[in-house]
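Enquirer: the sequence isn't on hand, but the structure is:
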């Protein structure tokens with residue numbers, strides 16, 4: 001097969017799509033490239049359907065190969081293992097816009113794999129994965145009803161930008177991934193820094209223009225090399241069966257369907273389904289396996305009809321009504337922060353844990369980012385939906401929901417300069433009936449505030465639904481599980497009072513119009529403000545006091561040249577400080593030192609120890625020094641570890657002495673004041689000046705100054721020096737101005 005390449009310029013940057021060079025045994029394969037980022041996308045379809053499959057078995061995998069970024073894996077085996085969180089999220093982004101574009105009832109296994117072969121940290125392989133997967137399906141014989149195009153949108157300097165370089169996304173107020181066909185948008189995923197609904201709508205409009213270009217390029221490539229699509233004929237059944245099932249359920253459905261209690265409704269529906277299959281199965285014994293599906297179809301049609309035509313939802317709410325909300329905080333005694341958020345029969349408990357900077361998550365992936373200090377994890381145990389099944393590790397759904405909530409809150413987390421903590425949130429879903437991810441956003445905001453984290457603004461989330469029928473549509477606020485299952489859209493919106501911080505949209509139809517998007521965003525804004533009011537009525541602002549069990553972290557800045565003094569030979573010094581104080585110490589290359597300790601006394605001890613190792617002498621400051629050497633002309637006093645200075649004999653006291661030993665001896669602790677660092681870097685000290693200042697503060701002066709007195713002296717700033725000297729009167733009443741007029745001894 002000849003190699004064929006198609007180029008498309010999007011926002012002035014070229015995307016190249018090539019086929020015919022590699023992976024010839026796949027149904028479709030392309031290499032898609034932008035800059036030096038290269039992704040191989042393949043699509044394969046099974047020849048026969050699996051028996052007993054009653055769902056569409058589409059699998060999308062995104063494979064990060066660390067060689068693409070010139071890295072060797074850090075795991076023990078030194079090879080890629082289970083997919084990273086980034087890879088799982090990219091797999092979901094690839095899957096979601098493709099899934100709605102297959103024939104109804106399609107049951108053949110399809111696997112789409114996107115392998116990142118090279119990455120330049122400027123062009124996003126995730127976006128190339130979506131476009132490459134769509135192209136691989138489009139040129140194959142798989143009955144895919146695409147193509148799909150995808151772009152990433154930014155908002156910088158007041159303008160929306162299509163596919164900005166990854167290095168610039170840190171400055172963007174919006175990070176929006178949009179995928180769709182040439183006719184409509186299919187998928188939206190976004191994180192933002194509180195942008196308005198109008199900015200999002202403008203970005204969606206600009207994104208769709210670029211998507212049309214990408215779709216056109218795929219269709220041109222299909223015309224050149226595309227295979228004929230394989231025909232798919234779904235299972236058929238007698239037409240009168242649907243009519244008979246509809247007549248049978250006409251009155252029965254409404255009697256069991258409309259209830260605010262999920263468990264009661266599902267139990268009644270299960271009983272009615274069983275009864276329908278048993279009673280009508282006698283009339284259609286050869287199609288008895290179809291009756292359950294026809295029951296589900298009749299159920300879906302009835303729910304959708306009443307929503308669109310009557311505005312009636314299964315729990316009796318109006319289209320814009322939010323379920324009853326209950327908010328609790330501080331529900332767990334030993335955790336650093338906790339929040340319990342209940343909305344209807346959906347309930348999320350979030351726990352906040354604060355840690356030192358060394359508790360950051362180390363990332364082993366293709367991105368330039370190496371560490372992450374804010375983490376949100378989401379757990380969905382089987383009891384939350386009344387099921388009994390084995391507990392396993394988090395699946396793709398849990399990873400995706402956790403990442404969505406993390407993105408929603410990231411914009412309000414204080415920067416490390418203001419709040420030097422690693423933050424972990426865990427949302428435990430205790431009960432599920434729709435929109436658990438948005439409940440976890442609300443519970444997480446409460447947990448952060450309960451922990452005393454000074455977030456910039458509280459965040460709440462809400463999920464919107466959609467039903468379309470015969471040219472009409474209805475947008476629903478705060479959808480529950482049955483409305484998600486039977487509806488056309490699950491559109492999650494999170495944000496503050498001022499704007500949006502996260503979006504996620506999944507749809508089951510072939511696209512949304514601008515009108516529907518605008519209405520959904522406006523209803524979501526109204527509901528978000530309503531939920532925020534409920535939350536803030538319980539806890540209006542972050543607590544000013546942290547939990548007694550949370551570490552207190554102090555940041556001190558040292559000269560980077562002093563880092564080696566803290567670390568010590570082979571790490572001996574920092575280990576010694578940690579072992580003797582119990583504090584956790586993290587040292588950054590720029591000279592920032594983070595000291596974390598639950599025990600405040602231990603923290604203070606570690607801080608003092610580090611300061612003693614790294615402090616530099618400040619002129620004008622009083623020190624409790626130790627005499628280490630005596631010379632005829634004065635005493636050398638150590639004021640900091642390995643830092644000493646000279647107290648000239650004329651500066652030992654306010655009267656003339658013949659010998660230094662008349663005032664002090666080796667090993668004595670005396671108060672001294674740093675008066676000068678001369679041009680040669682030598683430190684000159686004065687005991688006389690220290691005594692004058694301590695006396696002025698009313699502190700008792702002894703030959704050996706106590707550490708308690710020094711603590712008081714060091715806690716108070718020295719008096720401002722007067723012009724011409726250090727100021728103040730000497731003890732003899734002379735206005736000495738800090739200058740000794742007696743002859744000096746050399």
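Expert: Ah, there it is. Since the structure is predicted, the reported quantities are computational estimates derived from the model, not experimental observations.

Enquirer: output the below-cut-off pLDDT ranges for the chain.
Expert: The chain contains residues with pLDDT under 70 at 1, 75, 235-238, 287, 511, 700-746.

Enquirer: what residue is smack in the middle of it?
Expert: The centre of the chain sits closest to residue 406, judged by C-alpha atoms, centre = their mean, with a distance of 3.6 Å.

Enquirer: which residues in the stretch 1-150 of the chain form strands?
Expert: Remark: strands assigned in the stretch 1-150 of the chain by DSSP state E, counting those that start in this stretch are 4-10, 13-19, 28-34, 37-45, 58-64, 110-118, 149-156.

Enquirer: find the nearest non-adjacent residue to residue 273, please.
Expert: residue 295 (5.0 Å; C-beta to C-beta, 6 or more residues apart in numbering). Every C-beta, even on glycine, is put in place using the N, C-alpha and C of the backbone.

Enquirer: check which element follows the host helix or strand of that neighbour along the chain.
Expert: Applying DSSP states H and E as the criterion places residue 295 in helix 288-310. Following helix 288-310 in sequence order, the next helix or strand is strand 325-329 (DSSP H and E).

Enquirer: give the next helix or strand downstream of that next one.
Expert: strand 337-343.

Enquirer: run me through the strand neighbours of that next one, direction for each.
Expert: Using DSSP bridges, strand 337-343 pairs in its sheet with strand 325-329 (antiparallel), strand 346-355 (antiparallel).

Enquirer: where is the longest helix in this structure?
Expert: Criterion DSSP state H: the longest helix present in the chain is helix 197-225.

Enquirer: got the contact list for the helix holding residue 295?
Expert: 54, 235, 237, 241-242, 245-246, 249, 253-254, 257, 269, 272-273, 276-277, 280-281, 284, 312-314, 319, 467-470, 472-474, 476, 482-483, 486-487 (C-beta atoms under 8 Å, 6 or more residues apart in numbering).

Enquirer: got a quick PyMOL command for the buried subset of these?
Expert: A single PyMOL command selects the buried members of the contacts of helix 288-310 (16 or more other C-beta atoms under 10 Å):
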select buried, resi 237+241+245+249+253+257+269+272+273+276+277+280+281+284+312+313+314+319+467+468+473+474+476+482+483+486+487
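
Enquirer: among the contacts of helix 288-310, which lie within helices?
Expert: 241-242, 245-246, 249, 253-254, 257, 269, 272-273, 276-277, 280-281, 482-483, 486.

Enquirer: quick check: end-to-end length of stretch 63-70?
Expert: From its first residue to its last, stretch 63-70 covers 15 Å (C-alpha to C-alpha, to the nearest Å).

Enquirer: which positions in that stretch come out as buried?
Expert: Buried residues in stretch 63-70, counted by 16+ other C-beta under 10 Å: 63, 64, 65, 66, 68, 69.

Enquirer: format the strands of the stretch 1-150 of the chain as a markdown table; extra columns: distance to residue 680.
Expert: Converted to a markdown table, the strands of the stretch 1-150 of the chain look like this (distance: least, C-beta to C-beta, whole Å):
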| stretch | distance to residue 680 |
| --- | --- |
| strand 4-10 | 65 |
| strand 13-19 | 59 |
| strand 28-34 | 60 |
| strand 37-45 | 57 |
| strand 58-64 | 58 |
| strand 110-118 | 57 |
| strand 149-156 | 53 |
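
Enquirer: out of those, flag the one nearest residue 384.
Expert: With C-beta to C-beta as the criterion, residue 384 lies closest to strand 58-64 of these, at 25.4 Å.

Enquirer: where along the stretch 551-700 of the chain do the strands fall?
Expert: Taking DSSP E, counting those that start in this stretch as the test, the strands found in the stretch 551-700 of the chain are 552-557, 584-587, 592-597, 622-631, 634-640, 643-648, 669-677, 683-686.

Enquirer: among those strands, which comes closest to residue 19?
Expert: strand 584-587 (50.0 Å).

Enquirer: related to what we said a few turns ago, which one of the strands of the stretch 1-150 of the chain lies nearest to residue 334?
Expert: strand 58-64 (37.9 Å).

Enquirer: contacting residues around the closest one?
Expert: Contacts of strand 58-64 (C-beta under 8 Å, 6+ apart): 80, 83-84, 86-88, 90-92, 94-95, 98-99, 102, 109-116, 126, 129, 133, 365-366.

Enquirer: which parts of it are buried?
Expert: Per 16+ other C-beta under 10 Å, strand 58-64 contains these buried residues: 60, 61, 62, 63, 64.

Enquirer: export these to a markdown table and append columns for distance to residue 440.
Expert: Shown next, in a markdown table, are those (distance: C-beta to C-beta, whole Å):
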| residue | distance to residue 440 |
| --- | --- |
| 60 | 24 |
| 61 | 26 |
| 62 | 24 |
| 63 | 29 |
| 64 | 26 |
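
Enquirer: out of those, flag the one nearest to residue 162.
Expert: Taking C-beta to C-beta as the measure, residue 162 sits nearest to residue 62 out of the buried residues of strand 58-64, at 21.9 Å.

Enquirer: count of neighbours near the residue lying closest to that closest one once chain neighbours are set aside?
Expert: For residue 62, ignoring the flanking residues on the chain, the nearest one in space by C-beta to C-beta, 6+ apart is residue 90 at 3.9 Å. The number of residues packed near residue 90 is 27, by other C-beta atoms under 10 Å.

Enquirer: give the contact list for residue 90.
Expert: Going by C-beta under 8 Å, 6+ apart, the list of residues near residue 90 reads 62, 114, 125, 126, 129.

Enquirer: kindly indicate which of those residues lies nearest residue 451.
Expert: residue 126 (32.3 Å).

Enquirer: and the residue nearest to residue 280 when sequence neighbours are not counted, how many neighbours?
Expert: The shortest distance from residue 280 to any non-neighbouring residue, by C-beta to C-beta, 6+ apart, is to residue 291 (5.7 Å). Neighbour count of residue 291, defined by other C-beta under 10 Å: 23.
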